[in-house]
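Participant: Next input, structure requested:
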Amino acid sequence: MASVISGKDMLLFFRKRDDHATADASKLRFQTEHSISMEKESDATPTKDGIVVVVSDGENTADISSLAYREDDETIEVWKELKRNFQANDLMEMWQVDINSGLNGADLDADYFRGFFTSFELSSAADGNVELSYTFAINGNGVEGTDSLTPEQLAEVRNAQYDYETLKATGAGV
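Facilitator: Reported below is the predicted structural model:
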């Protein structure tokens with residue numbers, strides 16, 4: 001029986017390209033939505049025998065939304081770092097990882113992209129949450145592959161909101 005892929009299974013990880021030898025990619029926490037748009041451009045020329053169409057690569061982008069979250073310093077640091085990467089025009093790496101694709105220990109399906117953040121927006125409505133929005137301009141078409149997560153990255157995926165607490169009391173004097 002076929003199963004539909006849940007949007008919650010498709011997560012984004014980022015890293016500044018200059019740090020590829022020394023730093024693991026970081027998961028953008030509290031992602032609410034992302035979309036990757038790939039376009040082709042066409043040019044039609046009328047001839048005496050009919051229309052001739054030439055197709056060339058167009059613009060490829062990713063639009064990303066997440067919530068700002070105050071209680072976790074690492075979460076705040078990741079989105080502030082992405083804002084600094086935007087301001088500095090840093091070449092970035094982005095992975096779209098299907099975290100439920102690796103059955104029985106197999107590597108996860110992942111799409112890899114390089115590009116630049118071309119917009120950053122922090123929206124704070126009086127009656128809502130602070131939302132962060134990014135646009136990522138993709139160089140080329142990206143690459144499909146497989147990858148695995150480090151134990152730290154796996155913990156980021158599993159402990160999205162809080163760490164496990166034991167049933168017994170952990171306070172002083174217990």
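Participant: For residue 19, grab the count of nearby residues.
Facilitator: 13 (other C-beta atoms under 10 Å). Backbone N, C-alpha and C define where each C-beta goes, glycine included.
Participant: One more: residue 118?
Facilitator: By the measure other C-beta under 10 Å, the count of residues near residue 118 is 12.
Participant: and the gap between it and residue 62?
Facilitator: 10 Å (C-beta to C-beta, to the nearest Å).
Participant: what does residue 168 give?
Facilitator: The gap separating residue 168 from residue 62 is 45 Å, by C-beta to C-beta.
Participant: Have a look at the two and say which one is more surrounded.
Facilitator: A side-by-side neighbour count of residue 168 and residue 62, using other C-beta under 10 Å, places residue 62 first with 22 against 6.
Participant: Just the element for that one, please.
Facilitator: With elements taken from DSSP states H and E, the one containing residue 62 is strand 50-67.
Participant: Can you give the distance from the longest helix along the chain to the centre of its chain?
Facilitator: Ordering each helix of the chain by length in residues (DSSP state H) puts helix 73-87 first. Helix 73-87 has its C-alpha centroid displaced from the chain centroid by 13 Å (C-alpha atoms, centre = their mean, to the nearest Å).
Participant: between whichever helix or strand comes after it and helix 73-87, how many degrees?
Facilitator: Sequence order places strand 92-98 as the next helix or strand after helix 73-87, per DSSP H and E. Counting by axes from the mean of the first three to the mean of the last three C-alpha atoms, to 10 degrees, strand 92-98 points 130 degrees away from the direction of helix 73-87.
Participant: Could you pull out the buried residues of the first helix or strand past strand 92-98 going along the chain?
Facilitator: Sequence order places strand 108-124 as the next helix or strand after strand 92-98, per DSSP H and E. Neighbour counts over strand 108-124 (16 or more other C-beta atoms under 10 Å) mark 108-113, 115-117, 120 as buried.
Participant: Let me know the pLDDT of the residue lying closest to residue 115 once chain neighbours are set aside.
Facilitator: Spatial nearest neighbour of residue 115, excluding adjacent residues (C-beta to C-beta, 6 or more residues apart in numbering): residue 138 at 4.4 Å. pLDDT for residue 138: 96.
Participant: Which residues lie in contact with residue 138 in this structure?
Facilitator: Contacts for residue 138 were tallied using C-beta atoms under 8 Å, 6 or more residues apart in numbering; they are 36, 38, 60-62, 94, 113-115.
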